[in-house]
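Student: Starting from these lines, generate the structure:
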Amino acid sequence: MSGRLPLAGFRIGVTAARKAEEQVALLERRGARVDWAPVLSLDPNHVDDTALRAATERVLAAPIDMFLATTGIGMKAWFAAAESWGLLDPMLEALGAAEILARGPKSVGALRARGLRELWSPESEEFDDVLEHLRGRDLSGRRIVVQEHGQSLSMVAHALRRQGATVETVTVYRVASAPDPTPVFALVDLVADSELDAVTFTAAPAVSAFMEAAASVGRRDDVISAFQADVVACCVGPVTAAAFELWGVPTVFPERSRTAAMVKFLETELPSRRAGLSLELVGGHTLLLHGTDVILDGVEVRLSPAPSAVLQALVANPGHVVSRQALLATLPSGTAGSEHAVEMAVARLRAALGTRSVQTVVKRGYRIAVEP
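Tutor: Sure, this is the predicted structure:
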């Protein structure tokens, strides 16, 4: 019927704490029923002033060869703190003499506002791509400072040390969970029972906090199964989506990492899923998925559980790469827990849909081969 709101009849969970009212209003104006449960504190970015000052003084004690900036809010908080201690000028001088890499536009903006220029920043806004940019470089003897983004980047520091660098990590702030977990537990139950059509996530720490809440009430496996089957995990961008890879949860996200773009994305994503997903594969084949039914060129295809799980993970974001580890986590319990099991499932999926249906992306994983 004409005039029907695009999200009418859909029930969507919102996990954001900051700017949640704006997101809820955008969804409700489009007809959605919204369940809001902030998983992080409304003021999540706790700065330990004493610890930060000590870290800053350590950073300034020797020349910096390279600086990795990860968040705009973190850089702004660090600059403001340094200014209050009378250390801003030496900090800007030290960072200005270094090779600066910034994870995304927000950190770039915070740097430029203080007169600093980044040498390089990835288009993806993913920190993994910053590491990829550095991989293979001889970092022997280089002193690298890494600004953490609310969660520990100790593994990043270890990776850079293996390349020969001396690494200092600076914890500007730590993310705190919501003080009252009751609404979060209720949202966990709604996801686990497949009562929601989608849940939105706007920060990687929110994903971690939500999955920790699910584990604490014994429902993490139910939540993972629901996300893999019926409930859409919709993230604001690839950085947030990457936080779900650990559990093998398929995600969707818009091209632009913005809340309004995410809501707009759901306008088409959810109705298309309810109607059945149709994909044009390479080679001129049409793949239709409706619930658990898989139809290729008008003929039903029967898949065993493992290749079916792989297919569901790949079509959640057609054309995008899903890592082997993420696919392994989607396989049914009882499947051999190795990447060989993923390779076997992919082989069976190719046998059912055609050898060109799933593309291997070297050292990264697999993707469903759709027509551009």
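Student: Tell me, how many residues neighbour residue 33?
Tutor: By the criterion of other Cβ atoms under 10 Å, residue 33 has 14 neighbours. In this view, the C-beta of every residue, glycine as well, is placed from N, C-alpha and C.
Student: Could you report the separation of it from residue 92?
Tutor: Going from residue 33 to residue 92 by Cβ to Cβ, to the nearest Å gives 49 Å.
Student: does residue 159 belong to a helix or a strand, and which?
Tutor: helix 154-162 (DSSP states H and E).
Student: pLDDT of that helix, averaged?
Tutor: Averaged over helix 154-162, pLDDT sits at 86.
Student: Next: stretch 350-368.
Tutor: Stretch 350-368 comes out at a mean pLDDT of 92.
Student: export it as CSV, just CAs?
Tutor: Coordinates of each C-alpha in stretch 350-368 appear next as CSV, following Å, rounded to 0.1, in the frame of the first residue of the first chain:
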residue,chain,number,x,y,z
ARG,A,350,30.8,-24.7,-4.9
ALA,A,351,29.7,-28.2,-6.0
ALA,A,352,26.1,-27.2,-5.4
LEU,A,353,26.1,-23.7,-6.8
GLY,A,354,28.9,-23.8,-9.4
THR,A,355,32.7,-23.6,-9.1
ARG,A,356,32.7,-19.9,-9.6
SER,A,357,30.1,-19.1,-7.0
VAL,A,358,32.5,-18.6,-4.1
GLN,A,359,35.8,-16.7,-4.6
THR,A,360,38.9,-17.3,-2.6
VAL,A,361,40.6,-14.1,-1.5
VAL,A,362,44.2,-15.1,-0.7
LYS,A,363,45.2,-14.7,2.9
ARG,A,364,41.8,-13.2,3.8
GLY,A,365,39.0,-15.6,3.3
TYR,A,366,36.1,-16.1,0.9
ARG,A,367,33.2,-14.1,-0.7
ILE,A,368,30.1,-14.9,-2.6
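Student: Work out the gap between it and the centre of the chain.
Tutor: 22 Å (Cα atoms, centre = their mean, to the nearest Å).
Student: Identify each buried residue in that stretch, please.
Tutor: By neighbour count on 16 or more other Cβ atoms under 10 Å, the buried set for stretch 350-368 is 350, 352, 353, 354, 357, 358, 359, 365, 366, 367, 368.
Student: Okay, and which of those map to helices?
Tutor: Using DSSP state H, the subset of the buried residues of stretch 350-368 located in helices is 350, 352, 353.
Student: The closest residue to the last one other than its chain neighbours: what's it in contact with?
Tutor: Nearest-residue entry for residue 353: residue 296, 5.9 Å, with adjacent residues in sequence omitted and distances by Cβ to Cβ, 6 or more residues apart in numbering. Applying Cβ atoms under 8 Å, 6 or more residues apart in numbering to residue 296 gives the contacts 285, 286, 287, 288, 352, 353, 354.
Student: before we move on, the earlier item: which one of the buried residues of stretch 350-368 sits closest to residue 120?
Tutor: Distance to residue 120, by Cβ to Cβ, is smallest for residue 365 among the buried residues of stretch 350-368, at 24.8 Å.
Student: measure that closest one to residue 317 for me?
Tutor: 12 Å.
Student: ok, of the buried residues of stretch 350-368, which one's closest to residue 96?
Tutor: Using Cβ to Cβ, those come closest to residue 96 at residue 365, 38.8 Å.
Student: Nearest residue to the closest one in space, please, no chain neighbours.
Tutor: Per Cβ to Cβ, 6+ apart, closest to residue 365 is residue 323, 4.1 Å.
Student: about what we covered before: I'd like the contacts of residue 296 as TSV, with distance to residue 305 appended.
Tutor: Listed next are the contacts of residue 296 as TSV, based on distance: Cβ to Cβ, whole Å:
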residue	distance to residue 305
285	23
286	24
287	18
288	20
352	13
353	16
354	20
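Student: Let me see the contact set for the closest residue in space to residue 29 that isn't next to it in sequence.
Tutor: Excluding the flanking residues, the one nearest residue 29 by Cβ to Cβ, 6+ apart is residue 5, at 7.8 Å. Each residue near residue 5 by Cβ under 8 Å, 6+ apart is listed here: 29, 30, 31.
Student: And residue 5, how far from residue 190?
Tutor: With Cβ to Cβ as the criterion, residue 5 and residue 190 are 21 Å apart.
Student: Which strand or helix spans residue 101?
Tutor: Applying DSSP H and E as the criterion places residue 101 in strand 99-102.
Student: For that strand, enumerate the helices and strands it packs against.
Tutor: Counting contacts by 3 or more Cβ pairs under 8 Å, 6 or more residues apart in numbering; DSSP states H and E, strand 99-102 packs against strand 66-69, helix 105-113, helix 127-134.
Student: Give the buried residues for it.
Tutor: For strand 99-102, by 16+ other Cβ under 10 Å, it's 100, 101, 102.
Student: Also stretch 339-350?
Tutor: Neighbour-count burial for stretch 339-350 [16+ other Cβ under 10 Å]: 341, 342, 344, 345, 346, 348, 349, 350.
Student: would you list every one of the helices in the stretch 101-250 of the chain?
Tutor: 105-113, 127-134, 154-162, 182-192, 204-216, 220-229, 238-242 (DSSP state H, counting those that start in this stretch).
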